[in-house]
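Engineer: Starting from these lines, generate the structure:
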Amino acid sequence: MYELPEPMEWFPQHVICGGESIVLLILNQPLQKECEVFVKKNWNSALFHVAVDGGANVLKELSDDEKNFMPELVCGDFDSATPEVLNFYRSKGVAVIHTPDQDETDFTKSLRLTEKYIKDSNLEVSSLIAVVRNGDRLDHILGNLNTLYQAADIISVPVLILGNNSLTWLLSVGYHKIHISEEMMDSHVGLIPLGSECNKVTTTGLKWNLNNDKMAFGGLISSCNMFDGSSVVTVTTDTPLIWTMEVTLDKN
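Structural biologist: Numbering: from 1, shown residues only. Below is the predicted model:
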C-alpha cells in the first residue's frame, strides 16, 4: 500500500493568536485597523521585527507615548520611507540598510537580510509573517505573491502574508496538512495555481475537493471554496500552489 510522505503541517490559528515564534515584517502602505491591532498584540512575542521601506513610516505612526515600535531592521530602496523617520530609527540604533536593486521588490530583498540575521543570531523561528494592506493596488498584491514563490530559495522559514481578512502562503510540492480551528470553519478558502500549471492536485476536508485534478489559469482554479467541517485539510500537489483563506482578526 502506498504511504504518503511526511506532511508539511500548518496551524493558521496559531499564527493569528500569537502561538508561534515569528519574525514580524511590516510592508509599505497604511495598515487596516485589524492589522494594526495584530502588530501591537504580537510585537513583544515576535523574535525579530523588520520594517520594509514605507513600513517604517507605518511603525512610527503606530507609536505613541506608551509604546515605541522599534524594529531591529529597516530596509528598502527608500522611495517611500521619509528621511525624518529613517533618521529617527538610526538615532535609536536600528540597522537602516539601503537596498537599491530594482530587479527585486523590497519585500524580496528584505527576506535576504532577515535570513542572515536569523542565522547570525541562531534564532529558532517558526515562520515569517508579512503584514500588508490588501486591496489597493493589484501590482503590489501580485508582487507580494511573486515573492512567496521566490522565498523558499532565500529564507529557511515559511513566509505567510497577512492582510486584514486573509492569510496566504505557498504550498510547496508534496503533501500538506492544514489544521483548521473551530473559529475558522465558516471561512472561505482558495487554491490558486498562480505560478504555473498544476497537473495533479488532490484535497480532502473541503466542500469541493480535487482528485488528481489539473489546475491552471484559464482553466480550473479553486476559489470561494469552503471547509467541510473536518479539523484537518490535506493537499497534495505536484507544483507549488497558493493557499489563501479568510481569517478573523481582533479589532480592539
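Engineer: Compute the number of surrounding residues for Lys33.
Structural biologist: Around Lys33 there are 12 other residues, counting by other CB atoms under 10 Å. Every C-beta, even on glycine, is put in place using the N, C-alpha and C of the backbone.
Engineer: and it, what is it in contact with?
Structural biologist: Neighbouring residues of Lys33 by CB atoms under 8 Å, 6 or more residues apart in numbering: Asn164, Lys251.
Engineer: From Asp64, how far out is it?
Structural biologist: Lys33 sits 15 Å away from Asp64, going by CB to CB, to the nearest Å.
Engineer: Same check on Asp101?
Structural biologist: In this view, Asp101 and Asp64 are 35 Å apart by CB to CB.
Engineer: Format the CA atom coordinates belonging to the helix or strand that contains His140 as PDB.
Structural biologist: Counting by DSSP states H and E, the element that carries His140 is helix 138-151. Written as PDB, here are the backbone C-alpha positions of helix 138-151 (Å, rounded to 0.1, in the frame of the first residue of the first chain):
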ATOM      1  CA  LEU A 138      -3.100  44.900  -7.900                       C
ATOM      2  CA  ASP A 139       0.500  45.200  -8.900                       C
ATOM      3  CA  HIS A 140       1.500  45.300  -5.200                       C
ATOM      4  CA  ILE A 141      -0.600  42.200  -4.500                       C
ATOM      5  CA  LEU A 142       0.900  40.300  -7.400                       C
ATOM      6  CA  GLY A 143       4.400  41.400  -6.500                       C
ATOM      7  CA  ASN A 144       3.900  40.100  -2.900                       C
ATOM      8  CA  LEU A 145       2.600  36.800  -4.300                       C
ATOM      9  CA  ASN A 146       5.600  36.500  -6.600                       C
ATOM     10  CA  THR A 147       7.800  36.900  -3.500                       C
ATOM     11  CA  LEU A 148       6.200  33.800  -2.000                       C
ATOM     12  CA  TYR A 149       7.400  31.800  -5.000                       C
ATOM     13  CA  GLN A 150      10.900  33.100  -4.500                       C
ATOM     14  CA  ALA A 151      11.000  32.800  -0.700                       C
END
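Engineer: ok, and for that helix, which residues are buried?
Structural biologist: Taking 16 or more other CB atoms under 10 Å as the basis for neighbour counts, the residues of helix 138-151 that come out buried are His140, Ile141, Gly143, Asn144, Leu145, Asn146, Thr147, Leu148, Gln150, Ala151.
Engineer: And stretch 190-208, by the same measure?
Structural biologist: Under the neighbour-count criterion of 16+ other CB under 10 Å, stretch 190-208 has Gly190, Leu191, Ile192, Pro193, Gly195, Cys198, Val201, Thr203, Gly205, Leu206 buried.
Engineer: Farthest-apart pair in those, please.
Structural biologist: Pairwise distances across the buried residues of stretch 190-208 peak at 23.2 Å for Gly195 and Gly205 (criterion: CB to CB).
Engineer: low-scoring stretches of the stretch 101-250 of the chain, by residue?
Structural biologist: Scanning the stretch 101-250 of the chain with the threshold set as pLDDT under 70 gives 135.
Engineer: Okay, strands next: where are they in it?
Structural biologist: Counting by DSSP state E, counting those that start in this stretch, residue ranges of the strands within the stretch 101-250 of the chain are 127-131, 159-162, 166-171, 174-179, 188-192, 198-204, 213-215, 222-226, 232-237, 241-246.
Engineer: right, so these: which one is the most enclosed?
Structural biologist: strand 159-162 (a mean of 24; mean count of other CB atoms under 10 Å).
Engineer: strands paired with that one, and their directions?
Structural biologist: Based on DSSP bridges, the strands next to strand 159-162 in the sheet, each with its direction, are strand 127-131 (parallel), strand 166-171 (antiparallel).
Engineer: how about those strands in JSON lines, adding distance to Ile180?
Structural biologist: Rendered in JSON lines, the data for the strands paired with strand 159-162 read as follows (distance: least, CB to CB, whole Å):
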{"stretch": "strand 127-131", "distance to Ile180": "17"}
{"stretch": "strand 166-171", "distance to Ile180": "12"}
